[in-house]
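[1] next comes the sequence, and after it the predicted model I'd like to discuss.
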Amino acid sequence: MKDSQPKAIYLKDYQAPDYWIDQTNLTFDLYEDHTMVTSVLSIYRNLDNKSGKQGEDNLPELVLVGDDLELISVEIDDKPFSDFKVEGGFLKILSLKESFTLKTVCRINPQENTSLEGLYKSNGMFCTQCEAEGFRKITYYLDRPDVMSRFTTRITADKTAYPVLLSNGNDIERGELDDGRHYVTWEDPFKKPSYLFALVAGDLQHVEDHFTTMSGREVTLRIFTEAHNIDQCDHAMISLKKSMKWDEEVYGREYDLDIFMIVAVDHFNMGAMENKGLNIFNSACVLASPETATDARFQRVEAIVAHEYFHNWSGNRVTCRDWFQLSLKEGFTVFRDSEFSADMNSRGVKRIEDVNVLRTAQFAEDAGPMAHPIRPESFIEISNFYTVTIYEKGAEVVRMIHGILGAEAFRKGSDLYFERHDGQAVTCEDFVKAMEDASGRDLTQFRRWYSQAGTPVLNITDEYNEDKKQYKLTIEQSCPATPGQKEKEPFHIPVRLGLLDAEGDELVLNESGATDQVLDVKQEKEVFAFDNIEERPLPSILRSFSAPVRVKYDYSREDLLFLMEHDSDHFNRWDAGQRLANSVIDEMVAAFEQGRELSVDRSLIEAFGTVINDESLDLAVKAEMLSLPSEASLAEQAVEVYPQFIHQARQQVKKAIAEAHKDSLEALWQSLNVHKPYRPEAEDIAERTLKNTCLSYLTSIEDKAMLALAEQQYHGASNMTDRFAALVSVINAGNHDRELIDEVLADFLELYHQDTNVMDQWLSVQAASPSLGTLEHILTLMQHEVFDETSPNKLRSVLGGFAGNMKQFHRTDGLGYEFLTDQLLDLDKKNPQIASRLMTPLTRWRKFEPGCRERMRKALERIKATPGLSSDVYEVVTKSL
Ligand code: B3K
Ligand code: ZN
């Protein structure tokens, strides 16, 4: 449990530390019932911090932070030392010199650590997670990212149980000890903050490969897993080598140690962690084989391996001065991994996927009680700020800089940034400054993206002057108030624009002959005029989603149909379809709310038919265009959320499209239902995605024959993508056949019960299913032998799946909310980070219709009234109410 009365800390209060740590020598003696941590730190005074007073008489107190540590002894310069105090999680040391060696010995209990922060055990192996503030659970330290130190780590453990002992850097010494124990010493030549420290000890196997860097250095690459998963590492290894090459080619960044290691662990709070030279991964983000992983997982593995690898420069070599700067490393690194994935796969699909996440989750966060700028001004618990805003919006901000500067100047900027700040802990401001200095562009106004929260709205109107042949676009920007920020200054918003004539051809926009132009919107209201426009055009606004904003332009349904068919910008073509579906579903929800029935607008049904039958369309684009907006994204766009109606309307639309185009969908499914060896390549993925989209439509019809198609695909599948899609279709079919559902679920369980990551999917598809995921069923899942209440992945699958289930979670008696509340209060005592995450759906209570709103509010009140909350849950609940 954290502080009883957690307090906020502020960016404006940042102060450099009074002491630095030059060298950190750690020894870990690992035992089953405890671990001894010996830390020897060479500490010296930060002379820049002298506040006027000089000399050793006026040395400031050294304050080290520690959490849940049993302090055994303290020595200074090899002599026992007692002039210290241990108070409220701090070790305060008085009477010091300008430089000295501090040795502490602490006892910790990793075997009892359920928070999965610091040193803990997962399936019998020891592992660590230190970002953001987990190192303080290992030893007393200056646990802040601006204190960068050289680390050596000696690990001793029983040799039979823990044959593999890993830490950061290079392995410099190993040997045998008494009592069947052994030791390995690691030395990391690069200075790093404590959050990048890592240790692993376990009975692990590894696969090995090599990479020759651009300067000709040979790097050993190793991926470690438990023995039974060793055949699932190939894809991660291929992805790692691709990432290393890409970072050399696109950013000129070379790897710097002789070895790069990845370890897969089952119990992990998030996706993965970029510890220097020793990345630790949630096994779900590293393991993949065609039999056990879907296409989505293959792509996730590739993206996360890349993301963590890219951190070696954007995060490790150049790190953050303080945690308010988190987006400096995360936003930039997400931008880098997103571009990497776009280069490796389909750029168009990647953009759509990224924007979907942003608009669904980030826009919702920006509109809710936890809204914060990408560089927050304060926080209570930093763990709550690993958010879609810091990551995904942060990446969009970097993307805008890339767009404004152009690829070449951006590369100059990143070169300058890495060169100027190598080995330093810096700020977002340093990043923007490097971009400005390298390009000569003024980003003064642009900086507001770092300090202002909220999603800007562009209200756009237009007029056409027939006589002057002039088209005028008026853009007004505004940004809703967010917590602590009532008024906003105008942003610099790059708006990419095209104009279409009546034939759907692109019009020339300026003297340079361009048909696509970026408008630099900077004022609250601005008018852009285009001359020599022969007819009234239709605007294609915010192409490729050039800025993270909402666009309000009064498109008619005909306009949207036209853009869907003719826009040369694939993103906007897809977006027009989404807007159309959104408006149709919205209208239906409004009718249901008034107790009326409303049939699905024919124009939408026909438009989707055109897409299904368009043989010229790229398969990947076709699959995206046929995907209806998710329930979550419909909820985000709604003014007031009626969960049951959203679910009902979306289902009705899906079924209407399927019924109207059943023959074409079936023919398309048939044509794509070919068996060939599995390859996780973009073209093959597009075929499978489209095939499974067809299957999902077809099985929404109440027709036994369609259900039989799913059953056939389930049994005939030669890879997990097809088998899992068929399973989902059987479960959620319009023709609900409980016997068949139970049969395929049992078969799936039998086939894959030994693979914990496949079981996560088995659990989540049930928890998220509108028909199956009842509260009663959720309780059964939590009793099931494959469930493990100490595993964040299992909790996310069941509780996260349920909380995303519009129909069941938002049941009108409020029991869905009550259940989640009970679960997260219980979880808060064990793993506050996960408890706090799982609370997110409740924090959106203000947007819901009055009944849900009141019930969600009550659930939050109950959480708030609970004594002894963690600082994680405390912060979210108090900000939400
Ligand atoms: N940097 C880590 C996230 C750590 C989260 C700590 N609560 C993973 C990543 O973004 O690469
Ligand atoms: Zn990251």
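    Here it is on my side, so go on. Values in this document were obtained by computation on a predicted structure and should not be read as measured data. Numbering: from 1, shown residues only. Ligands and ions are numbered 1, 2, ... in the order given.
[2] quick one: pLDDT of Val873?
    Here, the pLDDT recorded for Val873 equals 98.
[3] using CSV, write out every CA atom in the helix or strand in which it is found.
    Using DSSP states H and E, Val873 sits in helix 871-880. Output of helix 871-880 as CSV, limited to C-alpha atoms (Å, rounded to 0.1, in the frame of the first residue of the first chain):
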residue,chain,number,x,y,z
SER,A,871,-2.4,6.0,-4.8
ASP,A,872,-3.1,4.6,-8.2
VAL,A,873,-6.8,4.0,-7.6
TYR,A,874,-7.1,7.0,-5.3
GLU,A,875,-5.9,9.4,-8.0
VAL,A,876,-8.3,8.0,-10.7
VAL,A,877,-11.3,7.8,-8.5
THR,A,878,-10.9,11.3,-6.9
LYS,A,879,-10.3,12.9,-10.3
SER,A,880,-13.4,11.1,-11.8
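[4] okay, buried residues for that helix please.
    Buried residues in helix 871-880, counting neighbours by 16 or more other C-beta atoms under 10 Å, are found at 871-877, 879-880. Glycine gets a C-beta too; all of them are placed from N, C-alpha and C.
[5] what is the nearest of the residues you listed to ligand 1?
    Asp872 (9.9 Å; C-beta to the nearest ligand atom).
[6] quick check: closest non-adjacent residue to the residue of the chain found nearest ligand 1.
    As assessed by C-beta to the nearest ligand atom, ligand 1 sits closest to Glu131 within the chain, at 4.1 Å. Counting by C-beta to C-beta, 6 or more residues apart in numbering, the nearest residue to Glu131 once its immediate chain neighbours are dropped is Tyr195, at 4.1 Å.
[7] now do Leu561
    Ala607 (5.3 Å).
[8] can you check Leu240 too?
    Val305 (5.2 Å).
[9] wait, a helix at that neighbour?
    Yes. Secondary structure of Val305 (DSSP: H, G, I helix; E, B strand; the rest coil): part of a helix.
[10] surely it and Gly271 touch.
    No. Between Val305 and Gly271 there is no contact under C-beta atoms under 8 Å: 10.3 Å.
[11] correct me, but the residue nearest to Glu131 touches Gln129?
    No. Using C-beta under 8 Å, Tyr195 is not in contact with Gln129, being 9.4 Å away.
[12] residue of the stretch 501-650 of the chain nearest ligand 2, please.
    Pro548 (18.6 Å; C-beta to the ion).
[13] wait, that residue touches Glu365, no?
    No. Pro548 is beyond contact range of Glu365, at 11.7 Å (criterion: C-beta under 8 Å).
[14] quick check: residues of the stretch 51-200 of the chain near ligand 1?
    Contact residues (C-beta under 6 Å from any ligand atom) of the stretch 51-200 of the chain with ligand 1: 131-132.
[15] and stretch 359-379, anywhere near ligand 1?
    No. Residues of stretch 359-379 contacting ligand 1 under C-beta under 6 Å from any ligand atom: none, with a closest distance of 12.3 Å.
[16] quick check: end-to-end length of that stretch?
    24 Å (C-alpha to C-alpha, to the nearest Å).
[17] low-confidence stretches in the chain?
    When residues are selected by pLDDT under 70, those of the chain lie in 1-4, 51-57.
[18] before we move on, back to that, what's the spacing between the residue nearest to Leu561 and Glu436?
    45 Å (C-beta to C-beta, to the nearest Å).
[19] in terms of neighbours, single out the busier of these two.
    Ala607 (23 against 19; other C-beta atoms under 10 Å).
[20] remind me which helix or strand that one belongs to.
    Assessed by DSSP H and E, Ala607 sits inside helix 602-613.
[21] show me what counts as buried in that helix.
    Applying 16+ other C-beta under 10 Å to helix 602-613 flags 604-605, 607-609, 611-612 as buried.
[22] which helices and strands does that helix pack with?
    For helix 602-613, the packing partners by 3 or more C-beta pairs under 8 Å, 6 or more residues apart in numbering; DSSP states H and E come out as helix 557-566, helix 570-593, helix 619-625, helix 643-660, helix 662-672.
[23] pull the number of nearby residues for the closest residue in space to Thr387 that isn't next to it in sequence.
    Nearest non-adjacent residue to Thr387, counting by C-beta to C-beta, 6+ apart: Glu365, 6.1 Å away. By other C-beta under 10 Å, 24 other residues sit near Glu365.
[24] can I assume Glu365 sits in a helix?
    Yes. Glu365 sits within a helix when classified using three-state DSSP.
[25] dump the residue contacts of it.
    Residues in contact with Glu365 (C-beta atoms under 8 Å, 6 or more residues apart in numbering) are 371, 387-389.
[26] what about the strands in the stretch 301-450 of the chain?
    319-320, 378-379, 425-426 (DSSP state E, counting those that start in this stretch).
[27] which one of the ones you listed lies closest to Leu772?
    The closest of the strands of the stretch 301-450 of the chain to Leu772 is strand 378-379. By C-beta to C-beta, the value is 38.4 Å.
[28] next SSE downstream of that closest one?
    Heading C-terminal from strand 378-379 (DSSP H and E), you reach helix 388.
[29] pretty sure Gln833 sits against Asp872.
    Yes. Taking contacts as C-beta under 8 Å, Gln833 lies within contact range of Asp872: 5.9 Å.
[30] overlap in contacts, the two.
    In contact with both Gln833 and Asp872: Ser383, using C-beta under 8 Å, 6+ apart.
[31] could you measure from the residue located most distally from the centre of the chain over to Leu538?
    Farthest-out residue of the chain from its mean C-alpha position, per C-alpha atoms, centre = their mean: Asp467, at 51.5 Å. To Leu538, Asp467 is 20 Å away according to C-beta to C-beta.
[32] now swap in Gly331 and tell me
    Taking C-beta to C-beta as the measure, Gly331 and Leu538 are separated by 34 Å.
[33] which of those two has more neighbours?
    Gly331 (27 against 22).
[34] just checking, the more buried one touches Val398?
    Yes. Using C-beta under 8 Å, Gly331 is in contact with Val398, at 5.4 Å.
[35] now the common contact residues for those two.
    Counting by C-beta under 8 Å, 6+ apart, Gly331 and Val398 have no common neighbour.
[36] find residues that contact each of Val305 and Gly271.
    In contact with both Val305 and Gly271: 281, 285, using C-beta under 8 Å, 6+ apart.
[37] residue contacts, the nearest residue to Leu500 once chain neighbours are set aside?
    Once flanking residues are discounted, Leu500 sits nearest to Leu538: 4.7 Å by C-beta to C-beta, 6+ apart. Taking C-beta under 8 Å, 6+ apart, we find Leu538 in contact with 499-500, 559, 562-563.
[38] again, but for Glu503
    Applying C-beta under 8 Å, 6+ apart to Glu503 gives the contacts His566.
[39] surely it is in a helix?
    No. Counting by three-state DSSP, Glu503 is not part of a helix but coil.
[40] got the contact list for the closest residue to Ser664 other than its chain neighbours?
    Among residues not flanking Ser664 along the chain, Ile612 sits closest, at 4.9 Å (C-beta to C-beta, 6+ apart). Shown in contact with Ile612 (C-beta under 8 Å, 6+ apart): 622, 626, 661, 664-665, 668.
[41] hmm, 7 Å instead?
    By C-beta atoms under 7 Å, 6 or more residues apart in numbering, the residues touching Ile612 are 626, 661, 664-665, 668.
[42] biggest separation within these, which pair?
    Spatial extent of the contacts of Ile612 (C-beta to C-beta) is set by the pair Leu626 and Ser664 at 11.1 Å.
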